[in-house]
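[1] When you get a sec, could you give me coordinates for this:
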Amino acid sequence: MKKQCPECSDPIIGRTDKKFCSDGCRNSYNNRVNKDQKNLIRNINNRLRKNWRILESLNPHQKTKSTRDKLIAKGFDFNYFTSIYTTKSGTVYYFVYDQGYLPLENQFYALVKRE
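    Numbering: from 1, shown residues only. Okay, the predicted model is just below:
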């Protein structure tokens with residue numbers, strides 16, 4: 001009994017452990033199966049990537065200050081970050097991968113890069 005491709009039902013030719021007849025069928029099948037979850041993940045990753053690029057562009061020398069208005073004008077979304085780091089003194093840094101920011105007084109932010 002020949003195995004059939006789960007996407008197009010064509011017979012599968014080749015290795016015995018092969019599951020799809022072609023890369024195109026494999027991609028189509030996986031895209032269809034993961035469609036709902038992928039959109040959410042894709043949107044979140046796009047937002048995180050945009051935030052990272054904004055922080056990187058404003059912080060070329062690994063440590064600087066910026067204003068909240070400047071961040072927002074570039075499209076920064078404060079709801080998306082990858083981690084929070086709290087120092088021993090209780091200071092809270094928000095990180096987007098290796099780029100971080102620390103809320104200061106008067107709508108200023110310290111921008112840092114984690115080594």
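[2] longest single helix anywhere in the protein?
    Criterion DSSP state H: the longest helix present in the chain is helix 35-58.
[3] Quickly note the distance from residue 54 to residue 27.
    Computed as Cβ to Cβ, to the nearest Å, the residue 54 to residue 27 distance reads 32 Å. (C-beta placed from N, C-alpha, C; glycine too.)
[4] quick one, which of these two is more surrounded?
    Using other Cβ atoms under 10 Å, the more surrounded residue of residue 54 and residue 27 is residue 54, with 23 against 12.
[5] Quick check: the more buried one touching residue 74?
    Yes - the criterion here is Cβ atoms under 8 Å, and residue 54 meets it with residue 74 at 4.7 Å.
[6] pLDDT below threshold where in the protein?
    Along the chain, segments meeting pLDDT under 70 span 1, 36.
[7] just the helices in it please.
    Using DSSP H, helices in the chain cover 23-33, 35-58, 68-73.
[8] May I see the buried residues of the longest one?
    Going back to what we said before, that points to helix 35-58. 47-48, 50-52, 54-55, 58 (16 or more other Cβ atoms under 10 Å).
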